[in-house]
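> Provided below for reference: sequence and predicted model.
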Protein chains: 2
Amino acid sequence: MEEYKFKPIGYVRTEAKDLPRHWSVSDVEGEIVIKPEYKLGIRDIKTGDKIVVLFVFHKSPPFTSDKLIQKPPHLNETKGVFSTCSPHRPNPIGLSVLEVLDVIDNVIKVKRLDMYDGTPVLDIKPFCF
Amino acid sequence: MEEYKFKPIGYVRTEAKDLPRHWSVSDVEGEIVIKPEYKLGIRDIKTGDKIVVLFVFHKSPPFTSDKLIQKPPHLNETKGVFSTCSPHRPNPIGLSVLEVLDVIDNVIKVKRLDMYDGTPVLDIKPFCF
């Protein structure tokens, strides 16, 4: 079975325990701590930037087929999993659009967090939609 | 070393050989063929939807540190990798925003492709930015 392996480029750090369900409704602040070996790659990320962060929903249990249809907490109807932002998905990869408050050394200070402390970050991309 | 494993939920099919560098400048059409076991999960994807597709840059060679800074083909300056959409990145995950033309059985017909035929698809999310 074809399989792809990814290693975190860094981790989320935040003191917040209650995280909103989605970055678009979040004011939570925290940090993305980038591993030293990738630090040079964040050279051009600046205060005020919007960044797309891909991360692992590392607290999600393994996916089961009963999650192919889910009822999102903010809706009164069920949806196919690929029409939701649920953390329960075949590949538990999350996407958040965060606002950069500051960049100091290998640490990106961010706002709009909807990820827990310790969340593994897989990639950061420029927001250009 | 912490590592996360992901299996494709499906694959891109297109007859196009020359793909544009980015979905935002693409008119290329093709299909995302979803594995039968995940078909129910695309139930609510409809003609006219915009979808966020996460995929593997499966043709990229293993990442090396000389790619932490790159010169994007459309720019005259170098950028840190996390400020680019380059396929050469520590975790070779791509993101495209595609337009749904039709959904037939387990096949999503799409426009704005910038992925090669055979590209493994990891996830599909609703576009809500």
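Happy to help now that I have it.

> Grab the most central residue of chain A for me.
A:Phe55 (4.2 Å; CA atoms, centre = their mean).

> Regarding it, which helix or strand does it belong to?
If you go by DSSP states H and E, A:Phe55 is part of strand A:50-56.

> Now do stretch A:63-82: distance to the chain's middle.
Relative to its parent chain, stretch A:63-82 has a centroid offset of 19 Å by CA atoms, centre = their mean, to the nearest Å.

> Buried ones in it, by neighbour count?
For stretch A:63-82, the neighbour count (16 or more other CB atoms under 10 Å in any protein chain shown) marks A:63, A:67-70, A:79-82 as buried. No exception for glycine: its C-beta is placed from N, CA and C like everyone else's.

> and the angle for the strand holding A:Phe55 with strand B:50-56?
Taking axes from the mean of the first three to the mean of the last three CA atoms, to 10 degrees, one finds strand A:50-56 and strand B:50-56 inclined to each other by 60 degrees.

> helices or strands up against strand A:50-56?
Packing partners of strand A:50-56 (3 or more CB pairs under 8 Å, 6 or more residues apart in numbering or on different chains; DSSP states H and E): strand A:93-104, strand A:107-111, strand A:120-126, strand B:93-104.

> Please indicate which of those has the most neighbours on average?
Across those, averaging neighbours per residue (mean count of other CB atoms under 10 Å in any protein chain shown) puts strand A:120-126 on top, at a mean of 22.

> Work out the sheet partners of that one and label each with its direction, please.
In the sheet, strand A:120-126 lines up against strand A:10-13 (antiparallel), strand A:50-56 (antiparallel) (DSSP bridges).

> Tabulate these (JSON lines), appending mean pLDDT and distance to B:Asp114.
Shown next, in JSON lines, are the strands paired with strand A:120-126 (pLDDT from 0 to 100; distance: least, CB to CB, whole Å):
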{"stretch": "strand A:10-13", "mean pLDDT": "98", "distance to B:Asp114": "26"}
{"stretch": "strand A:50-56", "mean pLDDT": "97", "distance to B:Asp114": "16"}
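
> could I get those as a markdown table with distance to B:Tyr116?
A markdown table is the format used below for the strands paired with strand A:120-126 (distance: least, CB to CB, whole Å):
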| stretch | distance to B:Tyr116 |
| --- | --- |
| strand A:10-13 | 29 |
| strand A:50-56 | 20 |
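
> that older thread, now do the residue nearest to the centre of chain A against chain B, distance only.
Per CB to the nearest CB, to the nearest Å, A:Phe55 is found 10 Å from chain B.

> need the contact list for that residue.
A:12, A:93-96, A:115, A:119-122 (CB atoms under 8 Å, 6 or more residues apart in numbering or on different chains).

> just to revisit the earlier point, so which of the strands paired with strand A:120-126 is nearest B:Pro36?
Of all the strands paired with strand A:120-126, strand A:50-56 sits nearest to B:Pro36, with 25.8 Å by CB to CB.

> would you put the C-alpha positions of that closest one in PDB?
Extracted in PDB, the C-alpha atoms of strand A:50-56 (Å, rounded to 0.1, in the frame of the first residue of the first chain):
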ATOM      1  CA  LYS A  50      -1.000  35.800   6.600                       C
ATOM      2  CA  ILE A  51       0.400  32.300   6.400                       C
ATOM      3  CA  VAL A  52      -1.200  28.900   5.600                       C
ATOM      4  CA  VAL A  53      -0.100  26.300   8.200                       C
ATOM      5  CA  LEU A  54      -0.500  22.600   7.500                       C
ATOM      6  CA  PHE A  55      -0.400  20.500  10.700                       C
ATOM      7  CA  VAL A  56      -1.300  17.100  12.100                       C
END
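
> Which neighbours in the sheet does the next helix or strand after it have, and how are they oriented?
Downstream of strand A:50-56, the first helix or strand assigned by DSSP H and E is strand A:69-70. Within its sheet, strand A:69-70 is paired with strand A:79-80 (antiparallel), according to DSSP bridges.

> For chain A, give me the ranges with low pLDDT.
A:1 (pLDDT under 70).

> ok, the residue nearest to A:Asp123 when sequence neighbours are not counted - how many residues close by?
Nearest non-adjacent residue to A:Asp123, counting by CB to CB, 6 or more residues apart in numbering or on different chains: A:Leu54, 4.3 Å away. By other CB atoms under 10 Å in any protein chain shown, 21 other residues sit near A:Leu54.
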